[in-house]
Each structure stands twice: as C-alpha cells, then as structure tokens.
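Peer 1: here's my sequence, what's the structure:
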Amino acid sequence: MTVLGDSELDPTDALSSVPAAGSRRGTPAVGRLKFCYGPMDCGKSTLALQIDHNHARQGRQGLLLVRHDRSGSAQISSRIGITRGAVELAGDTDVRGLVREMWSRGQHVDYLIVDEAQFLSPAQVEQLAELADDVQVDVYCFGIATDFRSELFPGARRLFELADELQPVQVEVLCWCGLPGRFNARVRDGVVLRAGDTVVVADTVTSSTPLVEVSTEATDSTTVRYQVLCRLHYRRGDLGPSSPQEGQLRLT
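Peer 2: Next up is the predicted model:
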C-alpha cells in the first residue's frame with residue numbers, strides 16, 4: 001500500500017477540515033429550512049398549525065402562507081376542523097417581498113409556516129432558503145411529495161434538494177388492505193388515472209366548504225376523487241372491494 005505524504009494529498013479527497021468549537025462561535029447564525037411531507041390525510045396541516053401555536057406561545061412572530069388550500073380560501077385548514085387565516089401565494093409571488101412588507105410595517109418575522117408547499121415553484125423554494133440563510137428566518141414547509149403519477153412535484157423536489165431537515169409525518173395512513181399508504185391515486189369512475197393535469201385540489205365529501213379545481217386544461221364534470229394506496233395496489237390500480245368509502249378524498 002502506498003502512503004501519501006503531506007505534499008502528495010489525494011486531490012480527489014473532498015473532505016474539508018472542521019473548525020474547532022471555539023471557532024464556530026464566529027460563524028453567522030442562519031435559520032432552518034424544514035420540509036415535513038407525507039400522503040394525503042396524514043395530518044400535515046394539523047402539524048403546521050400546532051408548530052405555529054407552539055412558536056407563538058414563546059413570543060415568536062410568524063407568517064402563515066399557503067398555496068391552493070383544499071378549502072379554496074386563504075387559510076390553512078385541517079380535516080379535523082382547525083383553521084387559521086393565511087396569505088395565499090400566487091405562482092409568481094416573491095416570498096422575500098412579503099417578508100420585507102411585514103418589516104416595512106414594523107412587524108418582525110421570526111418564522112414562516114408554508115402549507116401545500118408542493119405547489120410552490122422551484123424559485124419560491126430558493127427564496128425560502130435565502131430567507132433562512134440571509135435573515136435567519138426559520139421556515140417550516142408542509143406538503144405532499146409526489147403527485148397522482150407517483151412523480152415528485154417540482155416544489156417538493158426542490159425542497160428535497162435544499163432543505164436542512166426532511167421529516168416524514170409520522171401519522172400513518174393505511175391503504176384499504178391495511179398496509180401503509182404512500183401513493184395518492186386519482187380515481188374517476190372506479191379507474192386509477194395515470195395521465196392528466198398535475199394539479200387538481202380536492203376535499204373530503206363531508207366538507208361544507210366549496211371544492212376547488214386548479215387546472216391548466218379543461219376537465220369534464222365527471223366525479224374525480226383521490227384515494228391513498230400502498231405501492232402494490234397503486235401499481236395494479238386496485239381500489240379494494242368497497243370503494244368508494246365514506247370520507248375518501250373527492251372532487252366534484
């Protein structure tokens with residue numbers, strides 16, 4: 001075995017030295033960018049509102065943001081009935097500008113809560129990372145990782161690439177067979193759809209609020225709903241023996 005001397009260090013070695021603990025005290029403080037993700041109905045919005053509550057109790061000031069909430073309103077809404085008003089983001093909204101606007105009104109922003117973060121543009125995710133790094137704002141994003149085709153949403157993909165912390169939401173959602181459900185199947189007339197618009201937002205059948213469809217193409221009036229499936233039954237398009245069931249996700 002050949003031993004390299006100090007003058008013959010391997011140029012392919014990408015490891016850099018880590019500063020001593022005392023030296024790290026001079027490193028600029030930065031905020032955190034965290035992405036909590038999971039399938040539909042696993043409690044992401046509930047967790048978002050709980051984190052906002054916990055931070056607010058400690059005197060921190062936050063800003064709640066949402067993109068395409070299922071209710072069709074500018075709010076973060078949980079299926080267990082908890083709601084909070086929020087700022088609705090458009091596709092071209094500069095999140096940094098919203099924070100600057102708060103500052104200009106004399107309102108401090110310690111943290112951001114972003115629900116339905118999968119619908120953010122990659123540029124908006126980069127703006128969130130900039131806020132965390134440059135002005136020490138803690139950013140908590142909540143959303144679905146993959147669409148009905150089992151492909152990553154562009155916003156979710158950029159969050160996976162940039163976030164400091166990735167956390168799957170721990171509330172388990174079950175497929176009809178009892179296995180953990182991970183895939184958000186879009187269903188029309190008992191058939192799992194494999195193609196169509198990427199973004200279609202729906203709520204449960206028991207909701208009293210208007211349902212929202214967000215689409216780039218014309219769609220017909222046929223009932224469309226969502227059902228969480230395990231990988232096996234998603235691949236097979238098997239919706240189970242008693243589909244649809246009460247409370248499954250539906251768009252009419």
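Peer 1: spatially central residue in the protein, please.
Peer 2: What sits nearest the mean C-alpha location of the chain, by Cα atoms, centre = their mean, is residue 143, with 2.1 Å.
Peer 1: list the contacts of it.
Peer 2: 35-37, 44, 115-119, 153, 155-156, 159 (Cβ atoms under 8 Å, 6 or more residues apart in numbering). C-betas here are computed from N, CA, C, even on glycine.
Peer 1: where exactly do the helices run in this protein?
Peer 2: 21-24, 44-57, 95-104, 122-135, 154-162, 231-236 (DSSP state H).
Peer 1: how is this structure carved up into domains?
Peer 2: 29-168, 183-251 (automatic domain parsing).
Peer 1: of all the contacts of residue 143, which comes closest to residue 180?
Peer 2: Set against residue 180, the nearest of those by Cβ to Cβ is residue 37 (14.2 Å).
Peer 1: quick check: closest non-adjacent residue to the closest one.
Peer 2: Residue nearest to residue 37 in three dimensions, not counting chain neighbours: residue 145, with 4.6 Å by Cβ to Cβ, 6 or more residues apart in numbering.
Peer 1: how many residues are close by the one you found?
Peer 2: 21 (other Cβ atoms under 10 Å).
Peer 1: go on, residue 94?
Peer 2: 13.
Peer 1: next, the contact list for the nearest residue to it once chain neighbours are set aside, please.
Peer 2: The shortest distance from residue 94 to any non-neighbouring residue, by Cβ to Cβ, 6+ apart, is to residue 127 (6.4 Å). Taking Cβ under 8 Å, 6+ apart, we find residue 127 in contact with 94, 95, 96.
Peer 1: now those as TSV including pLDDT and distance to residue 232?
Peer 2: As requested, the contacts of residue 127 are arranged in TSV below (pLDDT from 0 to 100; distance: Cβ to Cβ, whole Å):
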residue	pLDDT	distance to residue 232
94	96	43
95	95	39
96	95	43
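Peer 1: of those, closest to residue 50?
Peer 2: Nearest member of these to residue 50, counting by Cβ to Cβ, is residue 95, at 22.2 Å.
Peer 1: got any ranges where this structure has weak pLDDT?
Peer 2: Across the chain, the ranges flagged by pLDDT under 70 are 1-28, 69-73, 77, 199-222, 242-252.
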